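Peer 1: return a 3D structure for these sequence lines:
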Amino acid sequence: MTGAWLRLELNRRWRSLLVLALLVAFAGGAVLATVAGARRGASAAHRLDAATLPATAQLMPGDPDFDWDAVRAVPGVAAVGEVAFGAYEIDGVPVDGPVPADRNVLRTVERPVVLDGRLADPGRVDEAVVTPRFVQTYGHGAGDAVTVRLYRPETLSTTVTDWRGPAEEGTRPPADGPEVRVRVVGVVRSPLFTDQPGAPGWLVPTPAFFTAYSDHLLGPQGATSAMVRLDDGGSGYADFKEAVTDLTGRTDLPMWSEAAANAFNQGILDIEATAVTAFALAAAAAAVVLVGQAVARHTAAVMTDLRVLGALGLAPRQQVVAAAAGPALAGIAGMTAGACAAVLASAWFPLGTAAQREPAPGIDVDWTVLATGWCAVVVVVAGGSVLAAAAALRASRSTAAPRRSPVAAA
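Peer 2: This is a model prediction of the structure:
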């Protein structure tokens, strides 16, 4: 009987059931996509750390004769990668950026995830990788070539420009050194080699580039800094700092913990994830009201038609099941479509700061959220249909004409 009635319903009320399925798809898909996006954003930094070899600390001694080999020999040090922060022009635009000074950078420390293309050959002067924002700012991605114009050492030594500061128009003279044609071979991301808010993105050349043009990159100080990765991670930073202080005899050595900075960034990601989750809960509450009204109206209309069959012997339980079958089927179809839409919408997540920490941008399938959400919504729609049908049946009984008294009839 339920199957026969459902076939009749699909023929008579397919438009109403289609609208109900679309409501469930839009509402359910929005909630699933938002919850999955919040979970993805909250875990972005952890997943990026797991996919890379992040630096634990940074040192910037400002001394061209600093002994980095002694730092490498400190107990607990897993890798040390030297970096020069150079100033140059890219296609005529002044920029600042990190230039690896040895082969450890992007290999044994801050090994990035490759979003497009490949890593640059450390022995090639004419290859480089970029961060995602660089592609958006300059329009050059993997496979494109850019012109890097350097400064002469005399210009670096006489200018008062802070070469590690932001490159603003009019704050530095035009580049007057050699021009190098560099091909972008990949787009990468790591905890340190990532885009900062408002920054145009980074071009990261190779150690061979530094070796060939170090005089044009080091600036007035002529010193490199370093990224240090410790075996014990952030828990070993205090011992490392004490060991380096004892080693150099300097208490003013510029050094900071990247592990502490990452913990601060994780706090920002948690706040963003909480806000997105709150939006998902608000959307879910609105969806309950919207879809609930549609289910109640549809079920009440069906129960009105089922009164005839009830008079012919259709049991109350059968009436309730028959009335709830259509909305339940619409809920299943709608949530299936909504889950598919949520998967497609995952390409726009995570949002905000988490987007700059995501190691695998693009479509992502969160099976936990999809499976749990699909089952929960289908159960709620089906259960709500049953309750609405039972309430309509009870209301029809209470408003039925009362039975006449034999005395009054007489």
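Peer 1: going forward, measure contacts and count neighbours with C-alpha atoms only.
Peer 2: Fine.
Peer 1: now the helix or strand that contains residue 97: average pLDDT?
Peer 2: Using DSSP states H and E, residue 97 maps to strand 93-100. For strand 93-100, mean pLDDT is 89.
Peer 1: who are the packing partners of the very next helix or strand once past that strand?
Peer 2: Along the chain past strand 93-100, the next helix or strand (assigned with DSSP H and E) turns out to be strand 113-117. When contacts are defined as 3 or more Cα pairs under 8 Å, 6 or more residues apart in numbering; DSSP states H and E, strand 113-117 packs onto strand 179-189.
Peer 1: so what strands line up beside the strand it packs on?
Peer 2: strand 113-117 (antiparallel), strand 127-130 (parallel), strand 145-149 (antiparallel) (DSSP bridges).
Peer 1: low-confidence ranges, the chain, go.
Peer 2: Along the chain, the parts satisfying pLDDT under 70 run over 1-6, 158-171, 219-221, 305, 307-313, 396-410.
Peer 1: ok, 80 please
Peer 2: Counting by pLDDT under 80, the ranges of the chain that qualify are 1-13, 156-172, 197-198, 219-222, 301-323, 392-410.
Peer 1: still on that earlier bit, which neighbours does the strand holding residue 97 have in its sheet, and in what orientation?
Peer 2: strand 77-90 (antiparallel).
Peer 1: which residues touch the partner strand?
Peer 2: For strand 77-90, contacts defined as Cα atoms under 8 Å, 6 or more residues apart in numbering pick out 68, 71-72, 94-105, 108-109, 146-151, 163-164, 175, 217-219, 223-231, 240.
Peer 1: circling back: in the strand holding residue 97, what's buried?
Peer 2: Of all the residues in strand 93-100, those buried under the rule 16 or more other Cα atoms under 10 Å are 94-100.
Peer 1: mind putting those into JSON lines with distance to residue 329?
Peer 2: Listed next are the buried residues of strand 93-100 as JSON lines, based on distance: Cα to Cα, whole Å:
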{"residue": "94", "distance to residue 329": "61"}
{"residue": "95", "distance to residue 329": "59"}
{"residue": "96", "distance to residue 329": "59"}
{"residue": "97", "distance to residue 329": "58"}
{"residue": "98", "distance to residue 329": "58"}
{"residue": "99", "distance to residue 329": "60"}
{"residue": "100", "distance to residue 329": "60"}
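Peer 1: tell me the one of those nearest residue 261?
Peer 2: Nearest to residue 261 among these is residue 98, at 18.6 Å by Cα to Cα.
Peer 1: that closest one touches residue 204, doesn't it?
Peer 2: Yes: between residue 98 and residue 204 there is a contact under Cα atoms under 8 Å: 6.2 Å.
Peer 1: stretch 143-156: end-to-end distance?
Peer 2: End-to-end distance for stretch 143-156: 31 Å, by Cα to Cα, to the nearest Å.
Peer 1: and for stretch 138-153?
Peer 2: 27 Å.
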